[in-house]
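Q: Kindly return the folded structure for what I paste below:
(one chain, ligands or ions: 1)
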Amino acid sequence: MYRYFLFVLSVFIFTTSCNNPNNNTEKNIHQDKKIVETFWQNAPAFNADSCYYFVNYQVQLGPRNPGSKAHQLCVEWIKNFFEKNNVKTELQKFSGITFDKKQWTGINIIAKYKPELKNRILLCTHYDTRPFADRDSEKNKSHPILGANDGGSGVAVLMSILQAIHQKPLQNTGIDFVFFDLEDYGNAGGESETWCLGSQYWAKNIPLTSIKPQEGILLDMVGDTNAVFPKEGLSIRFHPVLVHNIWSIAQKAGYSNYFIDQSVNEITDDHLFINTLANIPCIDIVHYYPQKSDFFEHHHKISDDIKNISKTTLKAVGQTLLYYLYQQDEKHNAP
Ligand SMILES: [Zn+2]
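A: Numbers count the residues shown, from 1 in each chain. This next block holds a predicted model:
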């Protein structure tokens with residue numbers, strides 16, 4: 001009897017200890033699968049081919065540093081693209097003085113998708129390229145960079161997102177697309193305020209009558225073949241929930257080799273001023289190596305060219321953003 005009791009007890013312990021974790025794992029897998037399936041069902045596919053084309057188009061224009069013909073052409077091209085897709089576009093002109101005492105007429109490009117909607121997300125990037133390759137060898141230092149990644153990639157991803165949204169309109173989410181000028185004319189090693197002149201102006205001049213986006217996502221250098229996007233310090237400080245959501249969506253979608261689960265120090269980028277001057281909690285998806293504490297290999301070098309741009313990287317970023325947008329749209333839809 002005692003032996004039988006022990007036998008029954010041990011079988012019981014064995015089966016419960018084996019079954020419970022299995023059940024939980026199965027349940028988790030099932031739940032994760034359900035989330036991924038919901039993403040797939042709701043969000044349109046991100047077209048990495050046309051995104052790559054958009055990067056290449058900008059590179060073909062040449063360096064888009066302030067004052068250049070290519071800069072002007074790029075403004076027209078972005079504006080026309082949004083207007084062709086029935087999104088009204090405003091050119092916000094401002095006067096900016098760079099650290100070398102030069103004065104410029106900067107132009108931010110603001111395109112509002114469904115401007116009447118109250119639920120709004122800001123998607124932004126800079127489109128200007130650095131006027132000098134100051135991280136390159138001595139003979140190249142004075143040349144402007146092509147900015148395939150640093151400038152071109154962010155613009156291209158936002159354009160492709162609009163294309164996707166055009167195919168399958170968002171129901172209850174508006175988007176403020178903003179393309180900042182004069183981001184990349186800062187003093188390396190100097191004050192933060194010498195960078196990001198366009199976003200500083202934009203953040204200080206949001207009309208009181210306009211509907212402010214509740215949160216923002218900034219893209220910078222999102223197309224390199226070897227891209228990694230760590231959780232950046234300012235993003236964690238100002239909008240930890242959004243960092244968590246974006247990185248977990250990316251992980252579930254199979255992009256955890258890009259959206260890595262590591263954090264890095266605070267980086268000066270347009271989102272600094274969006275957070276502090278406009279009071280819109282905004283995160284930055286930016287290529288930065290935690291170990292090296294540095295940006296991508298071709299940062300501010302003339303080698304920042306189309307040959308280092310990867311469709312797979314562009315897809316990882318664009319598709320993750322689309323998943324997030326359609327997930328939010330569904331939440332806003334819920335009664
Ligand atoms: Zn830059």
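
Q: Show me where the stretch 101-250 of the chain has its strands.
A: 103-113, 120-126, 174-180, 215-220, 229-232 (DSSP state E, counting those that start in this stretch).

Q: Residue 114 and residue 130, how far apart?
A: 34 Å (Cβ to Cβ, to the nearest Å). C-beta coordinates here come from the backbone N, C-alpha and C atoms, glycine included.

Q: what about the two, which has more around it?
A: Comparing residue 114 with residue 130 by other Cβ atoms under 10 Å, the one with more neighbours is residue 130, at 25 against 16.

Q: What about the spatially closest residue to that one that is not a sequence neighbour, how many residues nearby?
A: Leaving out its chain neighbours, the residue that sits closest to residue 130 by Cβ to Cβ, 6 or more residues apart in numbering is residue 184, at 4.2 Å. Residue 184 is flanked by 26 other residues according to other Cβ under 10 Å.

Q: now do residue 233
A: If you count neighbours by other Cβ under 10 Å, residue 233 ends up with 14.

Q: so what's it up against?
A: 263, 264, 265, 266, 267 (Cβ atoms under 8 Å, 6 or more residues apart in numbering).

Q: what's the helix or strand for the first one?
A: Of the helices and strands defined by DSSP states H and E, residue 263 is found in strand 259-264.

Q: what's that strand packed up against?
A: strand 229-232, helix 233-238, helix 240-252 (3 or more Cβ pairs under 8 Å, 6 or more residues apart in numbering; DSSP states H and E).

Q: tell me the most buried of those?
A: Ranked by mean neighbour count, the helices and strands packed on strand 259-264 are led by strand 229-232 with a mean of 23 (mean count of other Cβ atoms under 10 Å).

Q: Sheet partners, orientation included, of that one?
A: Strand pairing for strand 229-232, using DSSP bridges, gives strand 259-264 (parallel).

Q: What distance do you get for the residue most central in space within the chain to residue 91?
A: For the chain, residue 219 is the residue whose C-alpha lies nearest the centre (Cα atoms, centre = their mean; 3.0 Å). Note on residue 219: its distance to residue 91, by Cβ to Cβ, is 20 Å.
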